[in-house]
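Student: Using only what follows, build the 3D model:
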Amino acid sequence: MELRQLEIFRAIAEELHFGRAAERLFLAQASVSQQLQRLESHVGVRLVDRSSRTVRLTPAGKVFLAEAERVLSAADHAVHRAREAAAGRYGALRIATNYPASRLLLLPLLEDLRAQNPGLATMLRELGTPDQLRALRRGDLDLALVYGPVDVPGVTSAHLLDVPVVAIVRPGHPLAGRDRLLYDDVLGFPTMTGYQGGGTMIEEVLVATAARYGTRLPRTPSTTEPSGYLLELETTDAIGFCSLPRAEQYRANGLHVFRLDPAEPSLEIHVAWSESADEPLVNSTVAQLVRLAETVRKA
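Tutor: So this is what the prediction gives:
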């Protein structure tokens, strides 16, 4: 039994006329009759009563039609799903992100993806850049939103946008009354550019930018656990440094935020994916992220 035979039987059942069924299917009437005979032979019962004047379904034919409709509908659905997957509009995406990328890019991306493809499953994680890149190379992720530039074998990346690095202190800090902070103002205070086990990108861009303006900031590898990072800032005279989106969260917790002078360090946000990935869903999502980033830059 073939799907084409079911399509022919459905046309006969709906038209109740062999000539009209043949015209609808762009077939010769003799071919329609032959395919029906083969179908009935395969099923083992008569499905259609036909005479020179009338064509009607037998009781068995009516039952068979309902089942044939289900089969044909399932076949159409399978074709649709396959085409959706090929076009990158169906499937699952495993995405990891850092905090600023989640605020600026991931939230609007998910809204767009779910509107365009309600059947898409997304699995999301917030990880530091080193952990993201390791997971990407292991095949545990499809896309990573990381700090760049990215120079990892087997991984491709695209630059999306830059975010400023800013300073944060507790409300009663000696510097808390200012609006902006010079690099020289940082000297003499302990600094925190991250937590133990996190990436060093914030420290790298901060030290490099300060050096361009004549200030040598000391490197201070953190011994603070992630859970204690904010607590230490709130209870000491340490100056913390983080991305501007993260600082806005800290501001809501009562911390004071400084923009840095005479020039702000900035973090590059990149989207990264495996060089071996050649899936339409990954490719289309990368293109969508690039478009979103352009919108964010213009805002």
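Student: tell me the domain ranges of this protein?
Tutor: Here the domain assignment for the chain is 3-86, 95-160+270-298, 162-266, based on automatic domain parsing.
Student: Is it possible to get JSON lines of the ones you listed that adds mean pLDDT and mean neighbour count?
Tutor: Just so you know, the C-beta spots here come from the backbone N, C-alpha and C atoms, and that holds for glycine as well. Conversion of the domains of the chain to JSON lines gives the following (pLDDT from 0 to 100; neighbours: other CB atoms under 10 Å):
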{"stretch": "domain 3-86", "mean pLDDT": "87", "mean neighbour count": "14"}
{"stretch": "domain 95-160+270-298", "mean pLDDT": "91", "mean neighbour count": "17"}
{"stretch": "domain 162-266", "mean pLDDT": "89", "mean neighbour count": "17"}
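Student: Just the CA coordinates for stretch 243-263, please, in CSV.
Tutor: C-alpha atoms of stretch 243-263 as CSV (Å, rounded to 0.1, in the frame of the first residue of the first chain):
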residue,chain,number,x,y,z
SER,A,243,30.1,45.1,33.1
LEU,A,244,27.6,47.9,33.1
PRO,A,245,24.5,45.6,32.8
ARG,A,246,25.7,43.7,35.9
ALA,A,247,26.4,47.0,37.7
GLU,A,248,22.8,48.1,37.1
GLN,A,249,21.7,45.0,39.1
TYR,A,250,24.1,45.9,41.9
ARG,A,251,22.8,49.5,41.9
ALA,A,252,19.4,48.1,42.7
ASN,A,253,21.0,46.5,45.7
GLY,A,254,22.3,49.9,46.9
LEU,A,255,25.8,49.9,45.6
HIS,A,256,27.3,53.0,44.0
VAL,A,257,28.3,52.8,40.3
PHE,A,258,31.1,54.9,38.7
ARG,A,259,31.8,55.4,35.0
LEU,A,260,35.6,55.5,34.5
ASP,A,261,37.7,58.4,33.0
PRO,A,262,39.4,59.4,30.8
ALA,A,263,38.2,56.4,28.8
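Student: Show residues contacting it.
Tutor: With CB atoms under 8 Å, 6 or more residues apart in numbering as the contact definition, stretch 243-263 has outside contacts at 98-100, 103-104, 163-171, 173, 175-176, 178-183, 202, 209, 212-213, 230, 233-234, 240, 242, 267.
Student: Off-centre distance for it?
Tutor: Centroid separation for stretch 243-263 versus its chain: 28 Å, with CA atoms, centre = their mean, to the nearest Å.
Student: from here on, count from 56
Tutor: All right, first residue 56 from here; so that's stretch 298-318.
Student: what helices or strands is the longest strand anywhere in the chain leaning on?
Tutor: Counting by DSSP state E, the longest strand found in the chain is strand 210-224. The criterion is 3 or more CB pairs under 8 Å, 6 or more residues apart in numbering; DSSP states H and E, and the helices and strands that strand 210-224 contacts are helix 184-193, strand 198-203, helix 256-267, strand 294-298, helix 299-307, strand 311-316, strand 321-329, helix 335-353.
Student: Which among those is found nearest to residue 280?
Tutor: Of all those, the one in closest proximity to residue 280, counting by CB to CB, is strand 294-298 (14.5 Å).
Student: Report the angle between that closest one and strand 311-316.
Tutor: Strand 294-298 and strand 311-316 meet at an angle of 80 degrees, taking axes from the mean of the first three to the mean of the last three CA atoms, to 10 degrees as the criterion.
Student: and strand 294-298, which strands flank it?
Tutor: Strand 294-298 has its sheet partners listed here by DSSP bridges as strand 210-224 (antiparallel), strand 246-247 (parallel).
Student: what about the ones you listed, which gets the closest to residue 353?
Tutor: With respect to residue 353, and counting by CB to CB, the nearest of these is strand 210-224 at 10.4 Å.
Student: Report all helices and strands that the helix or strand that that closest one is followed by contacts.
Tutor: The helix or strand immediately downstream of strand 210-224 is strand 235-237, counting by DSSP states H and E. Other elements packing on strand 235-237 under the criterion 3+ CB pairs under 8 Å, 6+ apart are strand 311-316.
Student: what angle do the strand it packs on and helix 299-307 make?
Tutor: Orientation of strand 311-316 against helix 299-307 (the same axes, to 10 degrees) gives an angle of 150 degrees.
Student: what lines up beside strand 311-316 in the sheet?
Tutor: Strand pairing for strand 311-316, determined by DSSP bridges: strand 210-224 (antiparallel), strand 235-237 (parallel).
Student: now that strand against helix 256-267, angle please.
Tutor: Computed by the same axes, to 10 degrees, the angle between strand 311-316 and helix 256-267 is 50 degrees.
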